[in-house]
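[1] Generate a structure from the sequence data that follows.
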Amino acid sequence: AAVAMGLVPLAVGSDGGGSIRIPSALCGIVGMKATFKRLARDCSVGCSVTHVGPMTNNVHDAALAYAIMAGEAENDHRHHSQKQPPVHLHAYLKNQSKESKDSNTLLSGLRIGIFDEHINDADKKVQRATMRAIDHYERLGAEIVPITLPHLQEIHLAHGVTITTEMYSLMEEHYRSTTHFNQLCPESRVTLAIGKSWSSSEFLAAQKVRSYAMHHIEDLFQNKVDVILSPATPCTAPLMRDDVASCGESNLSETSALMRYMIHGNLTGIPAMVFPCGYDDETSLPISLQLQAAHWREDLLFHVAMQSEDILKGSIAKPTLYVDILGSDK
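    Numbering: from 1, shown residues only. Purely as a prediction, here's the structure:
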């Protein structure tokens, strides 16, 4: 919300199940989670589904932030077990450097995967905005490829087992401490209790599902598509009731619905980006899309997302409360 209001030009988030992408989508800004471990974190431990990434008001700022933050860092624990490819924005910069742009070929050769049944899980207004975006990409020369993401229910369950178990593992000392336990909010206590309840065999079964999902998505990107397109959320921002500020709110069904398009990317470790593609005719609330690409192909996300800004006539709407702190509107 601070980015959308103009109070800050950039925010950095952590996304274990949509914590960057969901608020970005609902606020109508650009939010991306990079490939797992692409961006350094300040701790040597962390959930294996958690990604770091920037939140900005436009695609170009997100690309700049990613280019600065990604890659190797001094005393970086990530490289004890993983060697990263060099950071690059090849697809994005190649497009930006074109002197003359034929609007019918900007996305020529790009294969965009569409899972129709998954899109149909969204509200009608979100479906319509998504289909308009698909038509826009086709006009730019992209090929629309029907795909299937099988066993999503099992994949979502595997993610839930994984993240809650790892959260409990990291927080076990605090959970068992009376002093620290009393400082936890009720929602955190419930989440950690769920994480504690899983057996080692159940956690292992979740990783088998994860392995299946990773093999499937790798095969899709190697042989069939370059990016996958879906709604970011199945609905616009839910109404906040008057007592939320003082009492808080825990609505599992609503939260689960908002996470519908997020989980697969967290469990498989691929990069993803959300950005606005329209606004609700009745409420003016943002409607956003999500793009996902193969590991280390953040440049493709920026490339396609930059062309998506034309869907909004090159202008992301500003909220009623907006501060032009950088004087960019002058």
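[2] So which residues of the stretch 201-330 of the chain form helices?
    Along the stretch 201-330 of the chain, the segments classed as helices by DSSP state H, counting those that start in this stretch run 244-247, 252-258, 263-268, 298-308.
[3] Just name whatever secondary elements the third one is in contact with.
    On a contact count with 3 or more C-beta pairs under 8 Å, 6 or more residues apart in numbering; DSSP states H and E, helix 263-268 meets helix 152-176, helix 200-223. Just so you know, the C-beta spots here come from the backbone N, C-alpha and C atoms, and that holds for glycine as well.
[4] Point out the one among those helices that comes closest to Ser188.
    When these are compared by C-beta to C-beta, helix 152-176 sits nearest Ser188, at 8.3 Å.
[5] Name the nearest residue to Ile147, ignoring sequence neighbours.
    Gly113 (4.1 Å; C-beta to C-beta, 6 or more residues apart in numbering).
[6] isn't the one you found right next to Asp219, touching?
    No: between Gly113 and Asp219 no contact is recorded; they are 11.8 Å apart, counting by C-beta atoms under 8 Å.
[7] pLDDT at the residue nearest to Ile147, what is it?
    Here the pLDDT value assigned to Gly113 is 98.
[8] Just give me the neighbour total for it.
    Close neighbours of Gly113, defined as other C-beta atoms under 10 Å, add up to 21.
[9] what's the answer for His88, then?
    His88 has 15 neighbours, counted by other C-beta under 10 Å.
[10] Could you shift the numbering so residue one becomes 369, and keep it that way?
    Okay, using 369 as the starting number, the last item reads as His456.
[11] ok, now how distant is the closest residue to it other than its chain neighbours from Pro453?
    Nearest residue to His456 in three dimensions, chain neighbours excluded: Asp667, at 6.0 Å (C-beta to C-beta, 6+ apart). Per C-beta to C-beta, to the nearest Å, Asp667 is found 11 Å from Pro453.
[12] out of those two, which sits in the more crowded spot?
    Each of Asp667 and Pro453 has its neighbours counted (other C-beta under 10 Å); Asp667 has more, 22 against 10.
[13] That one against His458, yeah?
    Yes: Asp667 sits in contact with His458 when judged by C-beta under 8 Å, with a separation of 5.2 Å.
[14] quick revisit: would you turn the helices and strands packed on helix 631-636 into CSV with distance to Arg496?
    As requested, the helices and strands packed on helix 631-636 are exported to CSV (distance: least, C-beta to C-beta, whole Å):
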stretch, distance to Arg496
helix 520-544, 23
helix 568-591, 26
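[15] Quick check: which of those is buried the most?
    helix 520-544 (a mean of 18; mean count of other C-beta atoms under 10 Å).
[16] which helices and strands sit right next to that helix?
    helix 546-549, helix 554-565, helix 568-591, helix 631-636.
[17] Those helices: which one's closest to Arg500?
    Arg500 lies closest to helix 631-636 among these, at 23.1 Å (C-beta to C-beta).
[18] check contacts around Asp587.
    If a contact means C-beta atoms under 8 Å, 6 or more residues apart in numbering, then Asp587 has no contacts.
[19] Report how many residues lie close to Ala600.
    Neighbour number of Ala600 under other C-beta under 10 Å is 30.
[20] nope, Leu635 is what I was after
    Number of residues near Leu635 (other C-beta under 10 Å) recorded here: 26.
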